[in-house]
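1. Provided below for reference: sequence and predicted model.
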Amino acid sequence: MELWVVLLLFSLASPVIGDYEPTWESLDSRPLPEWYDKFKIGIFLHWGVFSVPSYGSEWFWNHWKDNSTGKEAAFINRNYKPGFTYQEFAPMFTAEFFDPNKWAELFQNAGAKYVVLTSKHHEGFTMFPSKRSYSWNSMEIGPHRDIVGELSKAVKEKGLVFGVYHSLYEWYNPIYLNDKSKNFTTRDYAETKLWPDLKQLVNDYEPSVIWSDGEWEAYDTYWKSTEFIAWLYNESPIKDHVVVNDRWGIGTYCHHGDFYNCQDRFNPGKLQDHKWENAFTLDRLSWGYRRNVDLQEVMTMEHVLREIITTVSCGGNALINVGPTKEGTIAPIFQERLLSLGKWLDINGQAIYETSPWEHQFDSNNNNTWYTCKKTKYNGLKPTSKPLETDVVTDIYAIVLQWPVHNILYLNALTPYVRDNYDMKMLGNEDLALNWKISNGMAAILLPDKARVRSEYAWAFRVVKKT
Ligand SMILES: *[C@@H]1O[C@H](CO)[C@@H](O)[C@H](O)[C@H]1NC(C)=O
Ligand SMILES: *[C@@H]1O[C@H](CO)[C@@H](O)[C@H](O)[C@H]1NC(C)=O
Ligand SMILES: *[C@@H]1O[C@H](CO)[C@@H](O)[C@H](O)[C@H]1NC(C)=O
């Protein structure tokens, strides 16, 4: 047969839709888009009507209604008129100081490379003009603005990647509750609300992350998750660069998706064989803003860096959450943490961005020292694997979370590199020569005078072969 006939038959035989089938097996075979593995640091924003009471957490409405904590119901009784409804909070969601360009600049100065905003939390309020969320969206009530649209534009203009958090379920949506009461044998909510909303989000804002949540009451077959993701990968306008997490129905988390979130604040402390993300929040008690947050409930900078460094060493990304206020501001304490992080990344970023897990994740002699490395090749099917025989490792980074006593750092894993043809430098202080030698069978590094060191918190060392 002539080649062109074969080609013609082949193109007729294969449907024009893309390559992925709506099965987890097929979807899980997709290589991870490289940007996600390289960027490492994202900002997570929990913003919605729950930012108005800003008390307890973003679960305010649910905790009030089922009175599971007793706190929210008492708070309402004390502070609001009898018969007050959650819906009455919406007009108070004013966002009058919301300046998306200022936010985007803050996130860029924090060293973040991507930003994920709650487009809709479990309360069902959409932060974009959903055509199926009458009077319960940010365009019709409250801010009277398309928050997703404005932030997406500002974030992209700064060269950062934009993504959306999206809750599959809605606590009190009657269409959803009706499906649920029938044990999900009807699918009215999934078909008339969920899917059209998701498609509107994707088509109108082209987010590169779909961070799904609120999946746990029903199976993926009810949500039609695999069909949705196959559409995303095959046909959507974001098919080449979109990534999705793992919360797509009962039993999917930690098992399916481009990256795994597993539980909130997942940080296993050891290498994972699938790309993952540690989503954690600077206010340790809530994702949404709390007006009564106390300083000791806010993560310290040491804690923030420990989360990020241990996460990246083990193949994860860090998604750092702040809850904006109902006025559209970000509290100064969170700004301070984010800008301190940016300052640290300015000095030490090369040990974080575009790195891969190394042979060792932390040192066997000093578990406050964590490793990353740089390789010449990206492997989209196994982005978190240790360097293979075929990989060329160009740089090894050791990041020290605690300055050692007597200024001497003892590291087992670097012992084979204490040789004439290797060089070691402290990031930010490349001008200072470091003395290192073998002592008691391991690498002993004499650190410089701490007063001359630029980094305030964790200290990164780069080991390279001399050229
Ligand atoms: C909520 O729970 C508290 C105790 O936890 C109880 O005192 C209060 O009466 C309850 N309120 C309602 C409305 O059920
Ligand atoms: C509800 O549906 C699930 C699976 O679709 C099934 O395993 C379960 O037995 C059903 N429950 C009831 C009460 O029918
Ligand atoms: C780290 O090392 C210290 C001191 O040797 C030890 O007490 C601690 O349990 C270790 N932590 C982990 C997570 O291994």
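-> Sure, I can see it. Ligands and ions are numbered 1, 2, ... in the order given.
2. for the lengthiest helix in the chain, packing partners?
-> In the chain, taking DSSP state H as the definition, the longest helix is helix 332-348. With contacts taken as 3 or more CB pairs under 8 Å, 6 or more residues apart in numbering; DSSP states H and E, helix 332-348 sits against strand 41-45, helix 100-109, helix 301-313, strand 316-322, strand 459-465. Where you see a C-beta, it was placed from the backbone N, CA and C, and this is true even at glycine.
3. and the closest residue to Thr23 other than its chain neighbours, what is it in contact with?
-> Nearest residue to Thr23 in three dimensions, chain neighbours excluded: Thr226, at 5.9 Å (CB to CB, 6 or more residues apart in numbering). With contacts defined as CB atoms under 8 Å, 6 or more residues apart in numbering, the neighbours of Thr226 are Pro22, Thr23, Trp24, Leu27, Asp220, Trp248.
4. gap between Met299 and Gly315?
-> Separation of Met299 from Gly315 (CB to CB, to the nearest Å): 22 Å.
5. Could you do Val243 as well?
-> 15 Å.
6. try Leu339
-> Using CB to CB, one gets 27 Å for the distance from Leu339 to Gly315.
7. Of those two, which one has the most company?
-> For Leu339 versus Gly315, the count of surrounding residues by other CB atoms under 10 Å is larger for Gly315: 27 against 15.
8. Burial check on Ile43, number of neighbours?
-> Other residues near Ile43 number 28, with proximity taken as other CB under 10 Å.
9. gap between it and Gly323?
-> Distance of Ile43 to Gly323, computed by CB to CB: 12 Å.
10. Check Thr394 too.
-> Look at Thr394 and Gly323: by CB to CB, they are 40 Å apart.
11. More neighbours: which of those two?
-> Neighbour totals were compared for Thr394 and Gly323, and Gly323 leads with 27 against 11 (other CB under 10 Å).
12. Could you report the neighbour count for the nearest residue to Asn379 once chain neighbours are set aside?
-> Once its chain neighbours are removed from consideration, Asn379 has its nearest residue in Ser385; the separation is 6.7 Å (CB to CB, 6+ apart). Number of residues near Ser385 (other CB under 10 Å) recorded here: 15.
13. ditto for Arg462
-> As a burial measure, the neighbour count of Arg462 was computed by other CB under 10 Å and equals 18.
14. rewinding a little: distance check, the residue nearest to Thr23 against ligand 1.
-> Counting by CB to the nearest ligand atom, to the nearest Å, the gap from Thr226 to ligand 1 is 41 Å.
15. What pLDDT is listed against the residue in the stretch 1-150 of the chain positioned nearest to ligand 1?
-> Per CB to the nearest ligand atom, the residue of the stretch 1-150 of the chain with the smallest distance to ligand 1 is Gly70, at 2.7 Å. Turning to Gly70, the model gives it a pLDDT of 92.
16. What is the burial count for the residue lying closest to Asp220 once chain neighbours are set aside?
-> Setting aside the residues directly before and after it, Asp220 is nearest to Gly249 in space (CB to CB, 6+ apart), at 3.0 Å. The number of residues packed near Gly249 is 21, by other CB under 10 Å.
17. quick one: contacts for Gly249?
-> Contact analysis of Gly249 by CB under 8 Å, 6+ apart lists Glu215, Ala218, Tyr219, Asp220, Thr221, Tyr222, Trp223, Ser225.
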